[in-house]
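K.L.:
No sequence on hand, only this structure:
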């Protein structure tokens, strides 16, 4: 947990790119303390003119992280995602 807190603090320094990375990692099944929410608040408070860019970075990072997790889960756990003929008995 200490490593994740250090990583989170390092990404805070990076600003908007750090927010993108935090949102991506947070959505890819590695919840970070505070997540991207606190960073969104801090960045919009310090740069109010960039609010749309900040929110877009968090949204895209979160969406891509969720898609990665979905892809991993679909390949590993969902039998419907396996190629035809790879499960069940053969029909004649």
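P.N.:
Good, I have the coordinates. Computed from a prediction, not measured in an experiment: that's the story for all the values here. Numbering: from 1, shown residues only.
K.L.:
can you map out the helices along this protein?
P.N.:
Assigned helices in the chain, in chain order: 2-13, 16-27, 35-46, 51-77 (criterion: DSSP state H).
K.L.:
Just confirm residue 39 contacts residue 18, I think it does.
P.N.:
Yes. Residue 39 is within contact range of residue 18, at 7.2 Å (criterion: CB atoms under 8 Å). In this view, the C-beta of every residue, glycine as well, is placed from N, C-alpha and C.
K.L.:
higher neighbour count, the two?
P.N.:
Using other CB atoms under 10 Å, the more surrounded residue of residue 39 and residue 18 is residue 39, with 24 against 21.
K.L.:
which residue packs closest to that one, ignoring adjacent ones?
P.N.:
residue 19 (5.1 Å; CB to CB, 6 or more residues apart in numbering).
K.L.:
give me every residue that touches the spatially most central residue of the chain.
P.N.:
With distances taken as CA atoms, centre = their mean, the chain has residue 24 as the residue nearest its mean C-alpha position (2.5 Å). Shown in contact with residue 24 (CB atoms under 8 Å, 6 or more residues apart in numbering): 61, 62, 64, 65, 68.
K.L.:
Give the phi and psi angles for residue 14, as a check.
P.N.:
For residue 14, the backbone dihedrals are phi -80, psi -10 (criterion: degrees, to the nearest 10).
K.L.:
I misspoke; the intended subject was residue 33.
P.N.:
When read as degrees, to the nearest 10, the backbone of residue 33 gives phi -60, psi 120.
K.L.:
how near is the residue nearest to the centre of the chain to residue 49?
P.N.:
To residue 49, residue 24 is 24 Å away according to CB to CB, to the nearest Å.
K.L.:
for residue 34, same thing?
P.N.:
Noted for residue 34: a distance of 24 Å to residue 49, by CB to CB.
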